[in-house]
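*Asks:* I would like to see how this sequence folds:
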Amino acid sequence: MSHSRHSHKKIGLCFVAFLLSLSIGINFTACGTAIYADDLMVGIDAGVVDGKQADDPFTVQELALALKLFQASSRENQEKNLLISPLSIQLALAMTANGASGATLQEMEALLGGTIPLTQLNAYLYSYVHSLTANPNATVKIANSIWFQDDAQRMTVNRAFLQTNADYYGASAYKAPFNERTAEDINNWVVQHTDGMISEIIDKIQPENVMCLINALVFDATWENVYHKENIYEGVFHSLSGKEQKATMMASEETKYLAGEKCVGFIKDYKGGAFSFAALLPEEGMDPDDLIQTLTPETLQAIFANVQNKGLSITLPKFSYDFSLSMNNILCDLGMPTAFSDLADFSGISSNADTLHIDEVLHKTFIAVNELGTKAGAVTSVMMSESAMETLRLSFDRPFIYFILDNATGLPIFIGTLTDIAS
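*Replies:* The predicted model follows:
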């Protein structure tokens, strides 16, 4: 079921969220290509806000949301590699929710924060993001930018919306004509803020698009104990279909053993110990999706909390892939359908765009796991549109009456009837 409003003409609003880098307001990409959009954040500086440190209510809700998104994504994506970033999705939708009101806001708050209201969730995410990016032993970089069409008649964005996203998410904003040049600008920004992992998020800007909001995050860390040459060999990976595939395998001795009711696994630390890689292997004959659907926040938390100290001989394949998934149905099924409908209320974003609704949420990710460590990134784009009146088509292909009017008085100077073109 599609919740996009394809039956309407739309004035589009593209919110793009990316997982991948921290520099804010840079006007040149890594390769030196200029961004030609005008900076709209003049006079809007990020204010001093009170963050809220992660506590049990926040971490319980974050884990529950992550598992909901992962389970729903697995159901949508059978028989191929899957990778999502719950943090990317949440940051994108939380910034979008800062412009929502009424039932739209209530549904988004319930999904994103549970019993945590959006004002508190902003504070939690502010502190959480800063705690991630402050780690000295791993690279976690986060950036946000908002792109507006240079047309005040279509979109006048409320400064309060900009201020909130500047305060809590460090968002910069750019005014642009929303043409091919803007698409190139946005993609250049993406290349810079994803360390080149994602080269494009905008293929073409459509006439209905008027805004893009972009969140970017990069994770890049080396193993505490890297794999050496003697630990790497050519082996075989058995795919879901049973096909044997050549793979470069990495062997290591580990000590952190994980065990669940229907799975076993291990944890391998990244340098400094602040971040780890964990893997769970379903019991023989069980598909990964079957295991995913049996997990609950409580069982998953228990698996990670009850680490056993055992001597382990682990072989892990070296792998790298990208992934994309439309999340419309997922988010609607998880409890926020109003945001995708003509009943959506995003009046907090713009004073002259009262009919905004989410048109599509697209999630893209990338990961590379090798002998040195892990590099990963994600992109979440929330494409929004403004519903317009349906076009009424009239074809004057039969007899009709016509007038030539004096507009000052409204009086007809001529009145005629066309009944025959040939006369």
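*Asks:* which is the succeeding secondary structure element to the one helix or strand residue 124 maps to?
*Replies:* Per DSSP states H and E: residue 124 is located in helix 118-133. Downstream of helix 118-133, the next assigned helix or strand under DSSP H and E is strand 139-149.
*Asks:* in space, what's closest to residue 135 - neighbours in sequence excluded?
*Replies:* Counting by Cβ to Cβ, 6 or more residues apart in numbering, residue 135 lies nearest to residue 274, which is 4.9 Å off, once chain neighbours are set aside. Backbone N, C-alpha and C define where each C-beta goes, glycine included.
*Asks:* and the one you found, what is it in contact with?
*Replies:* Neighbouring residues of residue 274 by Cβ atoms under 8 Å, 6 or more residues apart in numbering: 135, 137, 138.
*Asks:* and the pLDDT at the last one?
*Replies:* At residue 138, the pLDDT value in this model is 91.
*Asks:* counting neighbours, what do you get for it?
*Replies:* Other residues within reach of residue 138, judged by other Cβ atoms under 10 Å, total 19.
*Asks:* sorry, back to before: now the residue nearest to residue 135: how far from residue 89?
*Replies:* Distance, residue 274 to residue 89, using Cβ to Cβ, to the nearest Å: 22 Å.
*Asks:* now swap in residue 116 and tell me
*Replies:* 16 Å.
*Asks:* more crowded one of those two?
*Replies:* More crowded of residue 116 and residue 89, by other Cβ under 10 Å: residue 89, with 26 against 19.
*Asks:* gap between the more buried one and residue 324?
*Replies:* Noted for residue 89: a distance of 13 Å to residue 324, by Cβ to Cβ.
*Asks:* what residues do these two have in common as contacts?
*Replies:* Shared contacts of residue 89 and residue 324, counting by Cβ under 8 Å, 6+ apart, come down to residue 363.
*Asks:* measure residue 279 to residue 327 for me?
*Replies:* Taking Cβ to Cβ as the measure, residue 279 falls 25 Å from residue 327.
*Asks:* which one's more surrounded, these two?
*Replies:* In this view residue 279 and residue 327 are compared by other Cβ under 10 Å, and residue 327 has more residues nearby, 22 against 14.
*Asks:* got the contact list for the more buried one?
*Replies:* Going by Cβ under 8 Å, 6+ apart, residue 327 touches 73, 89, 361, 362, 363, 380.
*Asks:* what's the helix or strand for the last one?
*Replies:* Here residue 380 sits within strand 373-387, counting by DSSP H and E.
*Asks:* elements contacting that strand?
*Replies:* Secondary-structure packing of strand 373-387 (3 or more Cβ pairs under 8 Å, 6 or more residues apart in numbering; DSSP states H and E): strand 10-19, helix 86-97, strand 211-222, strand 356-369.
*Asks:* where do the strands sit along the stretch 201-350 of the chain?
*Replies:* 211-222, 232-238, 244-260, 263-269, 276-282, 308-317, 319-326 (DSSP state E, counting those that start in this stretch).
*Asks:* what would those strands look like in TSV with mean pLDDT?
*Replies:* Shown next, in TSV, are these (pLDDT from 0 to 100):
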stretch	mean pLDDT
strand 211-222	84
strand 232-238	93
strand 244-260	93
strand 263-269	92
strand 276-282	93
strand 308-317	94
strand 319-326	90
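*Asks:* point out the most buried one among those.
*Replies:* Comparing those by mean neighbour count (mean count of other Cβ atoms under 10 Å), strand 211-222 ranks first with a mean of 26.
*Asks:* quickly run through the sheet partners of it, with directions.
*Replies:* strand 139-149 (antiparallel), strand 373-387 (antiparallel) (DSSP bridges).
*Asks:* can you redo these as a markdown table with mean neighbour count and distance to residue 407?
*Replies:* Below are the strands paired with strand 211-222 laid out as a markdown table (neighbours: other Cβ atoms under 10 Å; distance: least, Cβ to Cβ, whole Å):
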| stretch | mean neighbour count | distance to residue 407 |
| --- | --- | --- |
| strand 139-149 | 24 | 32 |
| strand 373-387 | 25 | 31 |
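*Asks:* and the longest helix for the protein?
*Replies:* For the chain, the helix with the greatest residue count under DSSP state H is helix 56-76.
*Asks:* with only the CA atoms kept, save it in PDB.
*Replies:* Taking Å, rounded to 0.1, in the frame of the first residue of the first chain, the C-alpha atoms of helix 56-76 are listed here in PDB:
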ATOM      1  CA  ASP A  56      16.900   4.400  31.400                       C
ATOM      2  CA  PRO A  57      13.700   5.900  29.800                       C
ATOM      3  CA  PHE A  58      15.700   7.200  26.800                       C
ATOM      4  CA  THR A  59      17.800   4.000  26.300                       C
ATOM      5  CA  VAL A  60      14.800   1.700  26.600                       C
ATOM      6  CA  GLN A  61      12.800   3.800  24.100                       C
ATOM      7  CA  GLU A  62      15.800   3.900  21.700                       C
ATOM      8  CA  LEU A  63      16.300   0.200  21.800                       C
ATOM      9  CA  ALA A  64      12.600  -0.400  21.300                       C
ATOM     10  CA  LEU A  65      12.500   2.000  18.300                       C
ATOM     11  CA  ALA A  66      15.600   0.400  16.800                       C
ATOM     12  CA  LEU A  67      14.200  -3.100  17.000                       C
ATOM     13  CA  LYS A  68      10.800  -2.000  15.600                       C
ATOM     14  CA  LEU A  69      12.500  -0.400  12.600                       C
ATOM     15  CA  PHE A  70      14.800  -3.400  12.100                       C
ATOM     16  CA  GLN A  71      12.000  -6.000  12.300                       C
ATOM     17  CA  ALA A  72       9.700  -4.000   9.900                       C
ATOM     18  CA  SER A  73      12.600  -3.400   7.500                       C
ATOM     19  CA  SER A  74      13.400  -7.100   7.500                       C
ATOM     20  CA  ARG A  75       9.800  -8.000   6.700                       C
ATOM     21  CA  GLU A  76       9.900  -5.500   3.700                       C
END
